[in-house]
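> with the sequence up front, the predicted model follows.
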Amino acid sequence: MKLQTLTSPSHENLQPMLNESIYHFLVEFQNGRTDFSELSSIFFRLIQTMTDPPLEFIWFYSALTFHTANSTDVTNSHTHLLSVKDLFHSLVSFRNLSDCSYFKQVSIVAPVLYVLVKCRFEISRVNVEIESLTDTIVSYILMCCENVLVEEQVVEKSMVDWVGVVPVWIADQVRENGGRVDGLQLFLPLSNEDIRRGIDGECGMDYLAAIVMIEAFLFRLCLMFDSGSCRMELCKDVKSYAVQVIKGFKKNSTFVVMLFKLLLEPSLPVAELLSTTDELFLRQLLFEVALDLGSFLTCDAYSQLSDVKYKELVILWLFVSNSAFHFASENGDNARGDCYRNAFTGSQLPHQIISWVTGMTTIKPTAPDISSPNDIIDWLLVLEKQGQKICDVSISELHVKALKYKSMGINNEVNGCKTMVEDAPVSINGRRKRDSAGFGEVQKQIKVMKCCHENLCDDSFQGKNEVGNSVPDQEMVDMVW
């Protein structure tokens with residue numbers, strides 16, 4: 001019987017088969033099976049019949065082939081990295097991928113970043129190869145962004161079906177840790193809890209693409225700290241690279257929102273890649289870049305955004321600017337504080353915020369001094385208490401977050417460093433290993449397992465040997481034919 005070309009509705013009809021196949025893989029992998037070539041062959045043929053294969057089908061097939069190819073203990077790190085390169089080229093070469101939105105083009109490489117960051121955690125002697133592949137990934141994302149019109153902002157609903165495939169990618173770590181891991185935290189190691197919390201039934205493909213952009217961006221910046229450069233050279237290189245990439249990525253406004261929100265946190269999610277001192281230095285440089293973003297976060301640059309989304313961007317920039325001021329103050333860096341102030345007052349965004357507020361009411365409130373973001377924030381807080389809001393973002397909630405950030409993040413971490421950020425030496429391979437206490441905080445079953453199969457319980461990853469409802473490969477064949 002010849003396979004028929006599948007239409008979009010058939011994708012939904014095939015979802016139960018994918019769920020059952022995921023369950024089948026997970027149970028068999030837990031029981032020690034390493035060769036899934038027959039199952040991967042089935043899904044390869046299935047994908048070939050689809051005019052626009054869903055992301056989760058591509059990921060599942062790629063995970064099967066990757067696990068099979070790396071089923072033996074790979075002691076040669078170069079050989080392992082070659083398999084990661086093959087994974088990248090395989091994912092980006094799927095037919096018709098060039099015809100889909102750039103959100104999907106970018107999102108599809110998420111598993112490559114997961115494997116690559118994991119390699120960096122475990123292997124420190126192949127930095128050149130890791131940097132090279134990371135550069136290739138970033139270049140690919142930039143190319144995807146450049147090949148789309150700015151006006152193209154039709155957001156695909158991902159329906160977060162891809163979450164169900166996550167356990168397949170992290171199956172080896174699940175087995176190593178007896179199932180007691182946070183699946184999304186492992187799969188998206190350079191995102192934070194707030195970003196991962198945004199992955200729900202309403203998130204679109206643009207959201208996943210933004211996460212991929214954030215992780216690729218942070219990972220490449222962290223790798224620069226292994227160059228052995230002096231602080232002055234490192235500062236120049238990191239800032240130049242960050243500006244270049246952000247300008248290329250800014251077409252996805254969700255990426256910029258995520259970046260700003262990360263800078264409002266007590267620390268960046270790079271603890272396993274950088275020492276505390278290096279993380280502070282990176283954050284300092286990103287503050288400088290963020291202040292400079294005020295020069296091109298203009299209405300013209302984001303004309304495709306809704307008024308609400310654009311206002312959210314600008315308000316977040318205001319709070320990031322304020323955090324940067326506090327960072328310089330707590331670090332005793334008056335010169336940098338003056339540079340921040342010049343960048344802030346030189347931007348049109350403070351004037352834009354005041355214009356929004358004064359245009360909302362016939363009673364014109366007294367405009368604040370624009371030399372400090374804190375003055376504008378205090379002004380907005382007063383107006384918000386009076387019932388005036390310029391966007392959906394809660395100024396008071398952001399303010400509370402900023403106060404917590406100041407007390408828990410900047411003050412303690414900067415004062416806790418033995419040397420000033422400017423004078424601290426560049427650490428080589430300075431990541432902090434997972435300590436038992438930190439890892440204990442995520443001692444919970446993989447929530448995403450429930451997305452794999454409605455009957456899949458957490459106990460199946462606690463070391464049970466019975467196969468349960470697993471389906472043999474031949475029956476999988478029968479389901480396709």
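Structure received. Since this is a predicted model, take the numbers as computed values, not measurements.

> tell me, which helix in the protein spans the most residues?
Under DSSP state H, the helix in the chain containing the largest number of residues is helix 307-330.

> so for this protein, the centremost residue is which one?
The centre of the chain sits closest to Ile211, judged by Cα atoms, centre = their mean, with a distance of 2.7 Å.

> which residues touch it?
By Cβ atoms under 8 Å, 6 or more residues apart in numbering, Ile211 lies in contact with Ala110, Leu188, Ser191, Ile195, Met258. Backbone N, C-alpha and C define where each C-beta goes, glycine included.

> right, and the helix or strand after the helix or strand hosting the fourth one?
When secondary structure is defined using DSSP states H and E, the element that contains Ile195 is helix 193-197. Reading on from helix 193-197 to the C-terminus, the next helix or strand found by DSSP H and E is helix 205-223.

> now do the following helix or strand past that next one: which elements does it pack against?
Where DSSP H and E defines the elements, the next helix or strand beyond helix 205-223 is helix 231-249. Contact analysis of helix 231-249 by 3 or more Cβ pairs under 8 Å, 6 or more residues apart in numbering; DSSP states H and E lists helix 127-146, helix 205-223, helix 253-263, helix 276-292 as its packing neighbours.

> for the ones you listed, which one sits closest to Val314?
Nearest to Val314 among those is helix 253-263; the distance by Cβ to Cβ comes to 10.0 Å.

> count of neighbours near Cys230?
Look at Cys230: counted by other Cβ atoms under 10 Å, it has 10 neighbours.

> repeat that for the one 3 residues further on.
Neighbouring residues of Glu233 were enumerated by other Cβ under 10 Å; the total is 13.

> hmm, back to that, show the average pLDDT along the helix holding Ile195.
Helix 193-197 shows a mean pLDDT of 91.

> report pLDDT for the residue nearest to the centre of the chain.
pLDDT, Ile211: 96.

> please report how far it lies from Leu113.
Separation of Ile211 from Leu113 (Cβ to Cβ, to the nearest Å) stands at 9 Å.

> and if you look at Ala171?
Counting by Cβ to Cβ, the gap from Ala171 to Leu113 is 17 Å.

> who has more neighbours, these two?
In this comparison of Ala171 against Leu113, neighbours counted by other Cβ under 10 Å, the higher total goes to Leu113 at 23 against 18.

> now the more buried one, nearest residue through space, not along the chain?
Excluding the flanking residues, the one nearest Leu113 by Cβ to Cβ, 6 or more residues apart in numbering is Glu215, at 5.1 Å.

> surely the one you found touches Leu188?
Yes: between Glu215 and Leu188 there is a contact under Cβ atoms under 8 Å: 6.6 Å.

> need the helices and strands packed on helix 231-249 in a markdown table (columns: distance to Pro167).
Supplementary listing: the helices and strands packed on helix 231-249 in a markdown table, determined by distance: least, Cβ to Cβ, whole Å:
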| stretch | distance to Pro167 |
| --- | --- |
| helix 127-146 | 23 |
| helix 205-223 | 17 |
| helix 253-263 | 24 |
| helix 276-292 | 30 |
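
> give me the buried positions along the one helix or strand Leu46 maps to.
Taking DSSP H and E as the definition, Leu46 sits inside helix 37-48. Using 16 or more other Cβ atoms under 10 Å as the test for burial, helix 37-48 gives Leu39, Ser40, Ile42, Phe43, Leu46, Ile47.

> elements contacting whichever helix or strand comes after that helix?
Sequence order places helix 55-69 as the next helix or strand after helix 37-48, per DSSP H and E. Using 3+ Cβ pairs under 8 Å, 6+ apart as the contact test, the elements touching helix 55-69 are helix 15-30, helix 37-48, helix 77-92, helix 110-122, helix 166-169.

> give the rounded mean pLDDT of helix 55-69.
93.

> kindly report the same for stretch 225-234.
For stretch 225-234, mean pLDDT rounds to 87.

> check stretch 388-408 too.
Along stretch 388-408, the predicted confidence averages to a pLDDT of 76.

> contacts for it, please.
Contacts made with stretch 388-408 from outside it, assessed by Cβ under 8 Å, 6+ apart, are listed as 264-266, 308, 311-312, 315-316, 319, 322-323, 326, 330, 353, 356-357, 360-361, 377, 380-381, 384-385.

> now, of those, which are buried?
Using 16+ other Cβ under 10 Å, the buried members of these are 264-266, 311-312, 315-316, 319, 322-323, 326, 330, 353, 357, 377, 380, 384.

> rewinding a little: nearest to Leu349, of the helices and strands packed on helix 55-69?
When these are compared for distance to Leu349 using Cβ to Cβ, the nearest one is helix 110-122, at 31.7 Å.

> what packs against that closest one?
For helix 110-122, the elements it packs on are helix 55-69, helix 77-92, helix 127-146, helix 166-169, helix 183-187, helix 205-223, judged by 3+ Cβ pairs under 8 Å, 6+ apart.

> buried stuff in it?
Using 16+ other Cβ under 10 Å as the test for burial, helix 110-122 gives Ala110, Pro111, Val112, Leu113, Tyr114, Val115, Leu116, Val117, Lys118, Cys119, Arg120.

> quick one: residues in contact with that helix.
Outside helix 110-122, the residues within contact range by Cβ under 8 Å, 6+ apart are 59, 62-63, 66, 77, 80-81, 84, 87-88, 91, 126, 130, 133-134, 137, 169-170, 186-190, 208, 211-212, 215-216, 219, 223, 272-273, 431.

> got the angle for that helix vs helix 77-92?
Compare the direction of helix 110-122 with that of helix 77-92 by axes from the mean of the first three to the mean of the last three Cα atoms, to 10 degrees and you get 160 degrees.

> lowest-scoring secondary structure element of this structure by mean pLDDT?
Counting by mean pLDDT, DSSP states H and E, the chain has its least confident helix or strand at helix 436-440, which shows a mean of 30.

> separation between Ser355 and Phe319?
Using Cβ to Cβ, which is the criterion applied here, Ser355 is 19 Å from Phe319.

> and for Thr276?
For Thr276 relative to Phe319 (Cβ to Cβ), the value is 23 Å.

> wait, Asp237 touches Ser229, no?
Yes: with contact taken as Cβ under 8 Å, Asp237 and Ser229 are classed as touching, separated by 6.7 Å.

> surely Ile376 touches Pro365?
No: with contact defined as Cβ under 8 Å, Ile376 and Pro365 do not form a contacting pair (11.8 Å).

> quick one, which of those two is more surrounded?
Neighbour totals were compared for Ile376 and Pro365, and Ile376 leads with 25 against 15 (other Cβ under 10 Å).

> secondary structure element for that one, which one?
When secondary structure is defined using DSSP H and E, the element that contains Ile376 is helix 373-385.

> quick one: that helix to helix 307-330, angle?
Computed by the same axes, to 10 degrees, the angle separating helix 373-385 from helix 307-330 equals 130 degrees.

> poorly predicted segments of the stretch 101-250 of the chain, please.
Scanning the stretch 101-250 of the chain for pLDDT under 70 picks out the ranges 124, 148-160, 177-181, 201-202.

> and if we set it to 90?
Counting by pLDDT under 90, the stretch 101-250 of the chain shows low-confidence ranges at 101-103, 118-129, 145-161, 172-183, 199-206, 226-231, 247, 250.

> before we move on, what about the stretch 351-481 of the chain?
Checking the stretch 351-481 of the chain against pLDDT under 90 turns up 352, 354-372, 382-481.

> circling back to that earlier point, can I get the helices and strands packed on helix 55-69 in TSV with distance to Asn147?
Listed next are these as TSV, based on distance: least, Cβ to Cβ, whole Å:
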stretch	distance to Asn147
helix 15-30	29
helix 37-48	23
helix 77-92	13
helix 110-122	19
helix 166-169	27
